[in-house]
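Asker: For reference, the sequence and a predicted model appear below.
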Amino acid sequence: MNGNPSGGGDDARRAGRYGEAVFEPEKTGEDERIDLGALAYDDVTLNRLTKLGAGPGWDCLDVGAGTGTVSRLLLGRAGVKSVLAVDRDVRFLAAHPVPGLTTLEADITAPDFAPGQFHLVHARFVLMHLRSWQQMISKLCSLVAPGGVLVLGDAVDLTTSTAPTTAYTRVMRAMWQGLEETIGTDVSWVPGYPQLLRMAGLTSVAAEIHVPPLLPGSPISRFWAETWDRSREAIVATGLADDATVGTAIRELDSPDFAALSPGMLTAWGTKS
Ligand SMILES: C[S@@+](CC[C@H](N)C(=O)[O-])C[C@H]1O[C@@H](n2cnc3c(N)ncnc32)[C@H](O)[C@@H]1O
């Protein structure tokens with residue numbers, strides 16, 4: 001039985017169906033929510049990708065590309081040859097075509113997902129939402145050409161579980177649990193990425209973490225306010241935070257007295273021999 005009012009249910013949870021139970025792309029403003037998160041992390045991501053060699057001549061695969069900010073930066077700023085941007089829903093990618101960018105609507109967990117071999121395979125904030133994240137690490141590795149790199153970024157929450165209880169920490173904890181219960185999101189394994197990439201056979205494995213501060217009005221604060229609003233039913237269904245607490249936490253993010261750290265992004269990479 002599924003006591004979950006957000007409509008996710010056991011099937012969505014097993015499949016990890018991001019975009020069906022929460023974060024539906026057809027709901028107005030979902031592209032803006034993704035862009036707010038991207039604004040907080042794009043510079044860090046592009047910096048890492050260019051340091052790893054992404055540049056002229058490279059063919060790149062960006063899976064779960066969202067609105068395509070990383071795909072377009074790879075083409076426009078890093079000057080790569082091509083980017084194949086894949087998502088289960090390509091409406092946001094199709095809205096911003098640029099030369100060198102090809103979009104593919106596909107479920108990356110489908111057994112027949114095999115779009116070729118690439119110098120760079122990149123996925124950011126995607127595997128954490130998939131129940132099959134472990135198989136997906138192997139699958140994405142198999143799409144890297146010899147000498148190419150796999151770069152995976154996902155969320156790490158370094159502060160919420162240990163910080164004193166406030167509306168913010170209560171809602172953040174409830175959000176992780178609510179997303180786990182509706183679509184199967186799990187960030188608990190993310191700090192293990194370096195070992196997971198070694199076990200997948202990659203070499204020169206390394207990782208870094210970027211943790212943005214939550215400053216009032218900043219893109220990352222607005223991202224969390226939007227994210228909580230859109231996952232409100234899943235949050236409240238956990239019983240860990242009620243609707244009023246979600247409202248308080250959203251207002252808290254905008255208060256000049258509020259000071260906390262956002263969950264961050266762990267980026268891990270390795271080279272295919
Ligand atoms: C949190 S967004 C991240 C978007 C982008 N990578 C970024 O960092 O801005 C997750 C994206 O992964 C896509 N996605 C989730 N599950 C997927 C699947 N099984 N196959 C393809 N795309 C998927 C979603 O549609 C969404 O666009």
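Answerer: Noted; the coordinates are in hand. Being a predicted model, the structure only gives us computed values, none of them experimental. Numbers count the residues shown, from 1 in each chain.
Asker: so how far is stretch 27-35 off the chain centroid?
Answerer: Mean C-alpha position of stretch 27-35 versus that of the full chain (CA atoms, centre = their mean, to the nearest Å) differs by 14 Å.
Asker: I meant stretch 124-136, not that one.
Answerer: 9 Å.
Asker: Give the buried residues for it.
Answerer: When burial is assessed from 16 or more other CB atoms under 10 Å, stretch 124-136 yields the following buried residues: 124, 125, 126, 127, 128, 129, 130, 131, 133, 136. Where you see a C-beta, it was placed from the backbone N, CA and C, and this is true even at glycine.
Asker: which other residues reach that stretch?
Answerer: 13-16, 18, 37, 41, 45, 63-64, 66, 70, 108-109, 123, 137, 152-155, 179, 183-187, 189-190, 196, 265, 267 (CB atoms under 8 Å, 6 or more residues apart in numbering).
Asker: of the residues you listed, buried ones?
Answerer: For the contacts of stretch 124-136, buried by 16+ other CB under 10 Å: 13, 15-16, 18, 37, 41, 45, 63-64, 66, 70, 108-109, 123, 137, 152-155, 179, 183-187, 190, 196, 265, 267.
Asker: Which of those fall within helices?
Answerer: 13, 15, 37, 41, 45, 70, 137, 179, 183, 196 (DSSP state H).
Asker: Let me see the contact set for the fourth one.
Answerer: It refers to residue 41. 124, 153, 210, 212, 265 are the contacts of residue 41 under CB under 8 Å, 6+ apart.
Asker: Go through the residues you listed and name the one nearest the ligand.
Answerer: Ranked by distance to the ligand (CB to the nearest ligand atom), the contacts of residue 41 are led by residue 124 at 3.7 Å.
Asker: roughly how far apart are the closest one and residue 100?
Answerer: 19 Å (CB to CB, to the nearest Å).
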